[in-house]
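Undergrad: Predicted model and sequence below, questions to follow.
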Amino acid sequence: QKPIIPVDLYRSIRESQLVGLSGYSKEGVPVFAFGVGQSTYDKASVHYYVQSHIQINEYRDRIILPMATKKFRRPITTCIKVLDMTGLKLSALSLLKILTAISAVDELNYPEKAETYYIVNAPYIFSACWKVVKPLLQERTRKKVHVLSGRGKDELLKIMDHLSIPHFCRREGSSKASLSSVDDCFSLDHPFHQELYHYIEQQALNQELIKQGSLHVDIPDQDPDDAMIVEVIQAEFHKLGEQNGSADGDHK
């Protein structure tokens, strides 16, 4: 309920903490992409990065998962995470402090939310980094990690369509220069991040209005099915009224 402001600060966070929603699996499970190898976490304090991570988690649980459940007409309570290791260097081990903090947030507050972790574009030094990170993970988490060959495109296509595959799996490299803001799910200009930021702003506004003793509520558009149900009920009451009127007339 507290937006990260000004928006330029939030844009800097999005440029250095690469994460986004790339699409959905064939089963309707949200697919979240993470640019692990190119995330620098150097544009703001640790506090802001943890706050941003929590906001994305909350938005996933409050908005994304319920929407997927409604659309695919089955309970959807988990997500798939695709981790891009492009650009990973041994210096990334210096980020263990912040990554451990974020991992702790997930383990303690959002257990079992990740269905599977797919590692893609893993360079040769990944194995060295993995040896350090692996012991920090819970056993149940380690079992969910799958290291795919290369970009992992062929494996991912078995569970999701081409448009839901993260951009870094669909093309050689992950040069931002060749991506549009719609294609790059890490970008603040991507629809997911725009909707997320607007949602947080609205939550903050609602909190402020509650303090002031008033609250703005958006009335959703009426569902056509609901309108039809209302019409049927009204018609039945109308018939019932006519029948009662006729019965009263006969009685008289």
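TA: Okay, I see it. Residues are numbered from 1 along each chain as shown.
Undergrad: Pull up the gap between the closest residue to C79 other than its chain neighbours and Q234, please.
TA: Excluding the flanking residues, the one nearest C79 by CB to CB, 6 or more residues apart in numbering is P30, at 4.4 Å. To be clear about C-beta, it is placed using only N, CA and C from the backbone, and glycine gets the same treatment. For P30, the distance to Q234 equals 40 Å [CB to CB, to the nearest Å].
Undergrad: These two - which one has more neighbours?
TA: Per other CB atoms under 10 Å, whichever of P30 and Q234 has more neighbours is P30, with 22 against 10.
Undergrad: Which strand residues bridge the more buried one?
TA: P30 has these beta-bridge partners by DSSP bridges: Y24.
Undergrad: and the gap between G213 and K134?
TA: Relative to K134, and taking CB to CB, G213 is found at 53 Å.
Undergrad: S16 now?
TA: Distance of S16 to K134, given as CB to CB: 25 Å.
Undergrad: do P75 as well
TA: Applying CB to CB to P75 and K134 gives a distance of 31 Å.
Undergrad: same deal with D84?
TA: According to CB to CB, D84 and K134 sit 18 Å apart.
Undergrad: Of those two, which one has the most company?
TA: Neighbours per residue (other CB under 10 Å) separate D84 from K134, with D84 holding more: 27 against 11.
Undergrad: What does the more buried one show for phi and psi?
TA: With angles defined as degrees, to the nearest 10, D84 sits at phi -90, psi 120.
Undergrad: What of F32?
TA: The phi/psi pair for F32 (degrees, to the nearest 10) reads phi -100, psi 140.
Undergrad: count of neighbours near it?
TA: For F32, the neighbour count with other CB under 10 Å is 24.
Undergrad: Same check on K2?
TA: By the criterion of other CB under 10 Å, K2 has 11 neighbours.
Undergrad: if we can go back for a sec, does the residue nearest to C79 touch A68 like I think?
TA: Yes: taking contacts as CB atoms under 8 Å, P30 lies within contact range of A68: 6.0 Å.
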